[in-house]
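Asks: Sequence plus predicted model, see below.
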Amino acid sequence: MPKINGNEIRPSNILEHQGGLWVAVKVDHVKPGKGGAFAQVEMKNIRTGTKLNERFRSADKVERVRLEQKDQQFLYESDGMLVFMDTDTYEQVEIPADILGERRPFLQDGMTVVVEYYDAEALSAQLPQKVTCTVTETEPVVKGQTAANSFKPAMLDNGVRVMIPPFVGEGEKIIVNTETMEYSERA
């Protein structure tokens with residue numbers, strides 16, 4: 001694995017530190033009046049979710065971890081485990097459902113997801129950025145309500161509540177951004 005200097009750490013880098021895998025959440029480069037410059041790094045443990053603040057001087061060497069990314073197709077859910085199929089080898093793997101966190105409702109049958117592996121352990125999964133959903137319930141359209149920034153609450157077919165523009169009604173398909181969990185456009 002490549003070692004990098006402490007001043008080369010960037011947000012979203014995955015580091016091996018104190019025997020665990022950490023993702024750099026926030027990096028501030030500090031140049032104090034006295035002494036040498038250093039990087040103040042806020043890190044989050046990938047497995048446990050605990051946070052840690054560390055200082056790395058430019059002379060410090062840190063192990064940077066490269067994760068292997070694989071496209072995998074979602075098949076079904078069973079006992080809190082998501083079953084995916086590797087699109088290259090057709091091998092099936094089970095991954096805990098909580099790996100997706102609050103984005104879990106946007107996972108649809110047959111959807112291709114990018115799963116990141118460290119050795120043989122799945123660490124994270126990324127859904128496509130935009131997903132098509134159907135509006136199941138919302139308030140009726142109010143005539144004359146055309147303000148550019150007015151939104152109304154809506155319930156989607158997957159049980160997620162989002163704010164949508166007033167011109168979108170029940171039964172319509174919309175595209176939702178899975179990163180921000182907000183309405184993007186009509187489908």
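Replies: Alright, I've got the coordinates.

Asks: Flag the shaky bits of this protein, pLDDT-wise.
Replies: 1, 142-148 (pLDDT under 70).

Asks: Looking at strand pairing, list the partners for the most centrally placed residue in the chain.
Replies: The residue lying closest to the centre of the chain (C-alpha atoms, centre = their mean) is Gln126, at 5.5 Å. Counting by DSSP bridges, Gln126 forms beta bridges with Val114.

Asks: pretty sure it contacts Met111?
Replies: No - the pair Gln126 / Met111 is not scored as a contact, 11.2 Å apart, by C-beta atoms under 8 Å. Every C-beta, even on glycine, is put in place using the N, C-alpha and C of the backbone.

Asks: Overlap in contacts, these two.
Replies: Overlap of the contact sets of Gln126 and Met111 (by C-beta atoms under 8 Å, 6 or more residues apart in numbering) is empty.

Asks: okay, now Gly19: neighbour count?
Replies: Counted with other C-beta atoms under 10 Å, the neighbours of Gly19 add up to 5.

Asks: gap between it and Ile4?
Replies: Distance of Gly19 to Ile4, computed by C-beta to C-beta, to the nearest Å: 18 Å.

Asks: Report the secondary structure state of the residue located most distally from the centre of the chain.
Replies: The centre of the chain is farthest from one residue, Lys34, which by C-alpha atoms, centre = their mean lies 39.2 Å away. State at Lys34, reduced to three classes by DSSP: H, G, I helix; E, B strand; the rest coil: coil.

Asks: Please report the distance of it from Ile175.
Replies: Counting by C-beta to C-beta, the gap from Lys34 to Ile175 is 53 Å.

Asks: same thing with Gln92?
Replies: Here Gln92 is placed at a distance of 29 Å from Ile175 (C-beta to C-beta).

Asks: Break the chain down into its structural domains.
Replies: Domain assignment for the chain by automatic domain parsing gives 3-64, 68-126, 130-186.

Asks: Need the distance between the two termini of the shortest one.
Replies: As for domain 130-186, its first-to-last residue distance stands at 11 Å under the measure C-alpha to C-alpha, to the nearest Å.

Asks: With stretch 27-44 instead?
Replies: Using C-alpha to C-alpha, the end-to-end distance of stretch 27-44 comes to 12 Å.
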